[in-house]
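Asks: coords please:
(chains A and B)
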Amino acid sequence: MDGFHDLGGRQGFGQITVEGKKEPFHADWEIKINAISGKLVARHIYNMDEYRYAIERMDPRHYVGASYYERTFTAVATLCIEKGLITHDELNAAVGEYVPISHGKKVGRVTPNNLPELKIGDTVVVKSDFVPGHIRMPSYIRGKKGVIVGVSPEYPFPDAAAHGLTSNKQRTFDVRFRSADLWSDGADDAEVHVGVFHAYLEKAE
Amino acid sequence: MQDLNKRVSALEELLKNKNLIDDKTFPDYEKIVTEDWVPNNGARLVAKAWLDPTFKEFLLADGKAAASSFGFGMPEHHGSLVVKENTDQIHNVICCTLCSCTAFSIIGMAPGWYKDLDYRSRLVREARSVLGEMGLKLSDHLKIRVWDTTADTRYMIMPLRPSYTEGWTEHELAKIITKESLIGIARLEEPYTTYDFNRIKSGV
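Replies: Here you go, the predicted structure:
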C-alpha cells in the first residue's frame, strides 16, 4: 500500500530536533507497550511483518499526530482485537473511552515464481508494483535503476508474512541508487542504499 | 494529548487476565533495554576492530557473527548486521524511512529524533543539509552514503579512528564511540569531534 508511513523523500517536514530526543524512551508506558509487543511476538501471536502492517494501516490523520509509541500501542491493540484475544468494546470499556484502532487489512500476495538470478554488481530496476496489502518497498525507488552492492540471507517475504500467508523465503539485496536518479528535480548529492526484497527487482536490460 | 498511560495500563490488565503477559513482562524487558541493548556493545566492536585488523575484517565481512563472538545477540528478525566503514573520503549514515528499524541490540534502541517524521522523510533526499542542521557540517570532499533500513538487514557505522587516540587501550577507545557516531550523524575525528578528548582520556 502507498501509505502515509512511506515518508522517504516526502517534502514539507522541518528541522530535526536532537536535544531532548536523544533517549529511546521518555515514559514508563512507552517501555511497557514495547515489552507487551515483544512478549506477544515471542509467543507467536503475531509476527513483525503483521506488526509493521498494523501501524501502516492507521488512518493518516491519526498516524501523523500520534507519537511513535502511540503508533506502537495502536498496532498492538489492533492486532489483539483482530487475533480475537480481546474485543474492541472490551478495550474501550477498560479505558473508559473510545480507543481508535487501525483500518482493516487488504489482500496480501505470495512470492512469485521464477525470480531472476541476481548478484553483486548487477544493474537492476525496481518493479512498478502497486499492491493493496503490505509491501516493504519504499515508493521512492519504484521504477528506479540501481546497482546491487550487497546480498543478505533469505527472509520471509513481508507481502505474505504480514497477511499470515505462507510463502517461499527470499533474499534481500542492498541496492545503490544515485540521489539524482531518484529526485531529478533536486536532492543533495548522495548514494542512497535500500534493502530490497528479491521479488521487487528485475534485471535491467 | 491522549492519556496513553491509561490506555496501555488497560490493555496490560486485559492481557494479564488472559495469561498472555505477566508481572515480569515489563521489568524483564526494561532490564534488557537499559542494561543489555546498549550502544557500548557497538562501541566495543568498533574499538576492537580499530586495534585488530583481523577482527576488523571479520566485523566487516559478517557483523552478526563478530557481534556473537562478543556475546551480543540479535533478534530473529534481524537477519544480518552489515557494518559500513567511514573513511576520510566516505561518510555513511543510517535511517529507516518506513518506521524505525535499527540494530538495537548492538547500537542501542533508536533515539527519539531517529523515529521523527522529519528525519525519516528528509535524510534520503537532503543528506548533507540534514547532517549540517544536526551539527555535522561535512567537508565538500566527503561522499555521503545513506543506508535506508527497509529489510531485515541491520546496519552499523564504523567511525573513522581519530588521530588523537594514538596509544589508547580498547577500553579507552570504546568510551568515545557514541550512539550518534554508530548511526552516522556524528564523526569522532577533528575537526568534527565535539569531545574534550584529554578529559575523556584521563577519565576526569
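
Asks: model confidence for the residue positioned nearest the centre of chain B, exactly?
Replies: Residue closest to the mean C-alpha point of chain B, counted by C-alpha atoms, centre = their mean, is B:Ile107 at 3.3 Å. On the pLDDT scale, B:Ile107 is placed at 98.

Asks: and it, what does it touch?
Replies: B:Pro39, B:Asn41, B:Gly42, B:Met156, B:Lys179, B:Leu182, B:Ile183 (C-beta atoms under 8 Å, 6 or more residues apart in numbering or on different chains). Any C-beta I mention is one placed from the backbone N, CA and C, and that applies to glycine too.

Asks: one more: A:Phe197?
Replies: A:Phe197 neighbours (C-beta under 8 Å, 6+ apart): A:Arg136, A:Met137, A:Tyr155, A:Phe157, A:Pro158, A:Asp159, A:Gln170, A:Arg171, A:Thr172, B:Ala151.

Asks: in the sheet, who's paired with it?
Replies: Counting by DSSP bridges, A:Phe197 is bridged to A:Thr172.

Asks: quick one: the helices in chain B, in order.
Replies: B:4-17, B:25-31, B:39-51, B:53-61, B:63-69, B:104-107, B:112-115, B:117-122, B:127-133, B:170-176, B:179-183, B:197-202 (DSSP state H).

Asks: what's the angle between the fourth one and helix B:39-51?
Replies: If you take axes from the mean of the first three to the mean of the last three C-alpha atoms, to 10 degrees, helix B:53-61 sits at 130 degrees to helix B:39-51.

Asks: picking that back up, turn the helices of chain B into JSON lines, including distance to A:Ile31.
Replies: JSON lines is the format used below for the helices of chain B (distance: least, C-beta to C-beta, whole Å):
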{"stretch": "helix B:4-17", "distance to A:Ile31": "10"}
{"stretch": "helix B:25-31", "distance to A:Ile31": "5"}
{"stretch": "helix B:39-51", "distance to A:Ile31": "17"}
{"stretch": "helix B:53-61", "distance to A:Ile31": "30"}
{"stretch": "helix B:63-69", "distance to A:Ile31": "24"}
{"stretch": "helix B:104-107", "distance to A:Ile31": "13"}
{"stretch": "helix B:112-115", "distance to A:Ile31": "13"}
{"stretch": "helix B:117-122", "distance to A:Ile31": "22"}
{"stretch": "helix B:127-133", "distance to A:Ile31": "28"}
{"stretch": "helix B:170-176", "distance to A:Ile31": "26"}
{"stretch": "helix B:179-183", "distance to A:Ile31": "18"}
{"stretch": "helix B:197-202", "distance to A:Ile31": "30"}
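
Asks: mean pLDDT lowest where, among these?
Replies: Ranked by mean pLDDT, the helices of chain B end with helix B:197-202 at the bottom, a mean of 57.

Asks: follow-up on the earlier one: what's the closest of the helices of chain B to A:Lys203?
Replies: helix B:53-61 (26.2 Å; C-beta to C-beta).
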